[in-house]
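*Asks:* could you look at this predicted model? Sequence included:
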Amino acid sequence: MQDNSVRPSRRAVIGTLALGAPWIRSASAQPAQGVSPQLAELYEKAKPEGEVTIWAPGAPSVQWIPAEFAKRFPAVKVTWLGDQQASSRLIAEQRAGRYATDVWTFSLGGTLEVQKRGLLVKQDWRQYGAQDRDIFWDGEAVCNHNYVYAPLYAKAKLGEEQVPRQWDGLLDARWNDKLVSDSFLLPRLGGYLAIDWGLERTEKWIKTLIEQRKLLVTTSPVSNFLKTGERQLAVAESVSGGFLMNKDGLNVGYRIMEMVPATQFVLGQVKQAPHPNAARLLIAWLISPEAKMLYESLAGQADIRANSNSPLAKEIKAAGAKVIYEDVETMNQRAEYYRKLMSIVRGQG
């Protein structure tokens, strides 16, 4: 079961750093600035290739990369594709003998079908700072950032002190007719909680929210309901979702709960990539402390697993919260829980 933990989009979004060929030629002689010797060496190998393409499930996680990457490596242009169906597209193109992408980034669950078909290359990411715990499938994928689940609340309606710190706190009767949830994310959140709670307790929790607290389950953006004041708190949301809502002008806050589900996003070099050296350079930079902090500050997507400098990671640690990570050992179990909980959300359980 593929679980991407992001809202599906209607179309793919393609982006590029819009700079012309003359700029590429003049930049080719420029050395990398302020990077490690390992990255500088990769850059020299990547210069003749001149470009690199990265595919992702959506624009927010990659659209910031071209401009920031160019500050360090001006001779290599980054283009990107944001498409919720990127895995199906990559599989189809590789079958047809078309090799259009260099770097893959997706959730661990969303990467599984690509990895099972042998479409990723094994690399030793340890030499670029990755730890053993951050590497999957013997180097075919390396940890990137996390999709961190957290309730979001409308600051115009609720003060921070009014929002509970435990998931069970949302079962209180005072939340009647005040809660909203995306139908796509609610069973996915439940899949994580069930790893700790067990399926029976999680089913009861979701049923109580829907049947007694009158939780509004919707396929429309939950931001619409928070903005109008019709609902005050979104149950199955994320820190990065709050970042995007605030960027769009909706004043929301997030609450770190006693358990923090965290979907794992990874990076991998695509087999037969047209620009293999540039692919390794981009991945090695994206797992660097510098790029991880840019992920968090520019896209709201933090690496809470491996980057101790992450403000969100520090906040979670200070709260004493238990983090439930997606990994190879738990993702199949969580996917099975998701399938069972989805029937409740759809009104069939």
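*Replies:* Now that the structure is in, tell me what you want to look at. Residues are numbered from 1 along each chain as shown.

*Asks:* CA only for contacts and neighbour counts going forward, please
*Replies:* Fine.

*Asks:* where does the stretch 1-150 of the chain have low pLDDT?
*Replies:* Applying pLDDT under 70 to the stretch 1-150 of the chain flags the ranges 1-33.

*Asks:* so which elements touch the longest helix along the chain?
*Replies:* Longest helix of the chain, by residue count under DSSP state H: helix 331-345. Counting contacts by 3 or more CA pairs under 8 Å, 6 or more residues apart in numbering; DSSP states H and E, helix 331-345 is packed against helix 186-197, helix 199-211.

*Asks:* mean neighbour count, those: which tops it?
*Replies:* helix 186-197 (a mean of 22; mean count of other CA atoms under 10 Å).

*Asks:* in stretch 102-122, what counts as buried?
*Replies:* Buried positions in stretch 102-122, judged by neighbour count with 16 or more other CA atoms under 10 Å: 102-115, 119-122.

*Asks:* now stretch 78-97
*Replies:* Neighbour-count burial for stretch 78-97, with 16+ other CA under 10 Å as criterion, is recorded at 78-87, 90-91, 94.

*Asks:* ok, stretch 290-299 next?
*Replies:* 291, 292, 293, 294, 295, 296, 298, 299.

*Asks:* so residue 265: helix, strand or coil?
*Replies:* In three-state terms, and counting by DSSP: H, G, I helix; E, B strand; the rest coil, residue 265 is strand.

*Asks:* what number of residues lie near it?
*Replies:* Residues near residue 265, counting by other CA atoms under 10 Å, number 25.

*Asks:* ok, residue 64 - how many residues close by?
*Replies:* 16.

*Asks:* measure residue 236 to residue 182 for me?
*Replies:* If you measure residue 236 against residue 182 using CA to CA, to the nearest Å, the figure is 7 Å.

*Asks:* could you do residue 240 as well?
*Replies:* Residue 240 is 15 Å from residue 182, where distance means CA to CA.

*Asks:* how about the helices of the stretch 51-200 of the chain, start to end?
*Replies:* Ranges of helices within the stretch 51-200 of the chain are 65-72, 86-95, 108-116, 186-197, 199-211, based on DSSP state H, counting those that start in this stretch.

*Asks:* angle of the second one against helix 108-116?
*Replies:* What it means is helix 86-95. Going by axes from the mean of the first three to the mean of the last three CA atoms, to 10 degrees, helix 86-95 is angled at 10 degrees with respect to helix 108-116.

*Asks:* residues near the residue nearest to residue 304 when sequence neighbours are not counted, how many?
*Replies:* Nearest residue to residue 304, sequence neighbours excluded (CA to CA, 6 or more residues apart in numbering): residue 313, at 4.6 Å. As a burial measure, residue 313 scores 17 neighbours (other CA under 10 Å).

*Asks:* give me the pLDDT for residue 313.
*Replies:* pLDDT recorded at residue 313 is 96.

*Asks:* going forward can the numbers begin at 45, since that is how I track them
*Replies:* Shifting the count to begin at 45 puts that one at residue 357.

*Asks:* who's in contact with it?
*Replies:* When contacts are counted by CA atoms under 8 Å, 6 or more residues apart in numbering, residue 357 touches 346, 347, 348, 349, 351.

*Asks:* and if you look at residue 318?
*Replies:* Counting by CA under 8 Å, 6+ apart, residue 318 touches 143, 144, 145, 146.

*Asks:* between the helices and strands packed on helix 375-389, which one is nearest to residue 106?
*Replies:* Distance to residue 106, taken as CA to CA, is lowest for helix 230-241 among those, at 23.2 Å.

*Asks:* using CSV, write out every CA atom in the closest one.
*Replies:* Listed in CSV are the C-alpha atoms of helix 230-241, where the atom choice follows Å, rounded to 0.1, in the frame of the first residue of the first chain:
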residue,chain,number,x,y,z
LEU,A,230,-7.1,10.8,9.2
PRO,A,231,-6.7,7.0,8.7
ARG,A,232,-3.0,7.6,8.0
LEU,A,233,-2.6,9.3,11.4
GLY,A,234,-4.5,6.5,12.9
GLY,A,235,-2.1,4.0,11.4
TYR,A,236,0.7,5.5,13.4
LEU,A,237,-1.2,5.8,16.6
ALA,A,238,-2.2,2.1,16.3
ILE,A,239,1.4,1.1,16.3
ASP,A,240,1.5,2.3,20.0
TRP,A,241,-2.1,2.0,21.0
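
*Asks:* just the buried residues of the contacts of residue 357.
*Replies:* Counted by 16+ other CA under 10 Å, the contacts of residue 357 give 346, 347, 348, 349, 351 as buried.

*Asks:* CSV for the residues you listed, including pLDDT, secondary structure and distance to residue 241?
*Replies:* Listed next are the buried ones among the contacts of residue 357 as CSV, based on pLDDT from 0 to 100; DSSP: H, G, I helix; E, B strand; the rest coil; distance: CA to CA, whole Å:
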residue, pLDDT, secondary structure, distance to residue 241
346, 96, coil, 25
347, 95, coil, 25
348, 95, coil, 22
349, 87, coil, 22
351, 65, coil, 28
